[in-house]
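*Asks:* this one's structure only:
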Ligand SMILES: NC(=O)c1ccc[n+]([C@@H]2O[C@H](COP(=O)([O-])OP(=O)(O)OC[C@H]3O[C@@H](n4cnc5c(N)ncnc54)[C@H](OP(=O)(O)O)[C@@H]3O)[C@@H](O)[C@H]2O)c1
């Protein structure tokens, strides 16, 4: 099969011929029609997660996939050859990923693909939507909550902004001006242009009494800690990127939390049902598999709004 792979951390990688994975116990071999690209894939390729989970080489990146069941592994029930499915790599191992014509995914994190979603739409959902669910759950928002979303329009932000709106409170989106309309379309009540304004001063002007939560999806340390100062006592600072300064926050009676997709994986089925009626699909830009390098380069700019997907035939 053709797969995109790298031989070491920090290497560019290329499309090459690799053996078709043999689906093991509990795995389903999926002929992949579309896969997502996220910042996490770039972090994996760079080796940023090497101390936290196992990596196998040649390393095939890619967490999410949508496609058709090719073969069911031992012990798997509930899936049949030819069925359209989508899902994600839910194990703590990177490198047996979805940027390939075929991938063996755990049956426990696969679902039948809703007929209302195309493959490239289904493929962009699991990893980032579940990360957003984990973040918004951790923020413990109520109907009157004021929440600052740092990176409101990226892969995770496109879902988190909607979930904050669904919780019923105000979502203040920090994003660049060309994405302001997109942020509002996701339910943001206010938009702060961080490219021309001081976002901290702008938040203070909007919410002089402070905000209830900051959800950090940027991991820009100085900006995150400056905005965290606008969270009032009793509030929460939740990051999906880097651990907040929990002790300094606790001294002000603010709770700091680092969360991840793993905290919400059990909600995959329930969240899937919300698309596309109750939750909108993010903006999606697709690339043919042959152009995966261009997609990686675009993702690396960190100025994508919504999600990128690669499409295989
Ligand atoms: N813990 C987990 O399970 C998990 C899962 C997924 C992702 N993550 C992490 O979460 C982060 C976001 O991932 P993603 O896939 O959503 O990334 P992404 O799509 O690349 O995020 C891009 C967004 O970041 C914004 N941005 C870049 N620099 C900014 C700044 N200085 N201030 C404000 N906004 C800025 C961009 O907005 P503009 O274009 O407006 O600049 C763009 O909308 C990454 O660090 C990723 O590694 C963690």
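*Replies:* Structure received. The shown structure was predicted, so the numbers you read here are calculated from the model rather than taken from an experiment.
*Asks:* Which residues of the stretch 201-313 of the chain lie near the ligand?
*Replies:* Within the stretch 201-313 of the chain, the residues that sit near the ligand (C-beta under 6 Å from any ligand atom) are 217-220, 223, 240-241, 260-261, 302-305. Heads up, the C-betas are built off the backbone N, CA and C, glycines and all.
*Asks:* Between those residues, which sits nearest residue 178?
*Replies:* Closest approach to residue 178 among those (C-beta to C-beta): residue 305, at 8.2 Å.
*Asks:* quick one, domains of the protein?
*Replies:* Domains of the chain are assigned by automatic domain parsing as 2-125+281-311, 130-263.
*Asks:* could these go into CSV alongside mean pLDDT and mean neighbour count?
*Replies:* Shown next, in CSV, are those (pLDDT from 0 to 100; neighbours: other C-beta atoms under 10 Å):
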stretch, mean pLDDT, mean neighbour count
domain 2-125+281-311, 97, 19
domain 130-263, 96, 20
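*Asks:* Including distance to residue 272, could those go into a markdown table?
*Replies:* Converted to a markdown table, those look like this (distance: least, C-beta to C-beta, whole Å):
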| stretch | distance to residue 272 |
| --- | --- |
| domain 2-125+281-311 | 6 |
| domain 130-263 | 10 |
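*Asks:* Of all those domains, which one comes closest to residue 274?
*Replies:* Nearest to residue 274 among the domains of the chain is domain 130-263 (8.7 Å), distances taken as C-beta to C-beta.
*Asks:* avg pLDDT for stretch 267-276?
*Replies:* Mean pLDDT, stretch 267-276: 94.
*Asks:* buried set for it?
*Replies:* Applying a neighbour-count criterion of 16 or more other C-beta atoms under 10 Å, one finds 268, 271-272, 274-275 buried in stretch 267-276.
*Asks:* picking that back up, any chance of the residues of the stretch 201-313 of the chain next to the ligand in a markdown table, plus secondary structure?
*Replies:* Formatted as a markdown table, these follow (DSSP: H, G, I helix; E, B strand; the rest coil):
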| residue | secondary structure |
| --- | --- |
| 217 | coil |
| 218 | coil |
| 219 | coil |
| 220 | coil |
| 223 | helix |
| 240 | coil |
| 241 | coil |
| 260 | coil |
| 261 | helix |
| 302 | coil |
| 303 | coil |
| 304 | coil |
| 305 | coil |
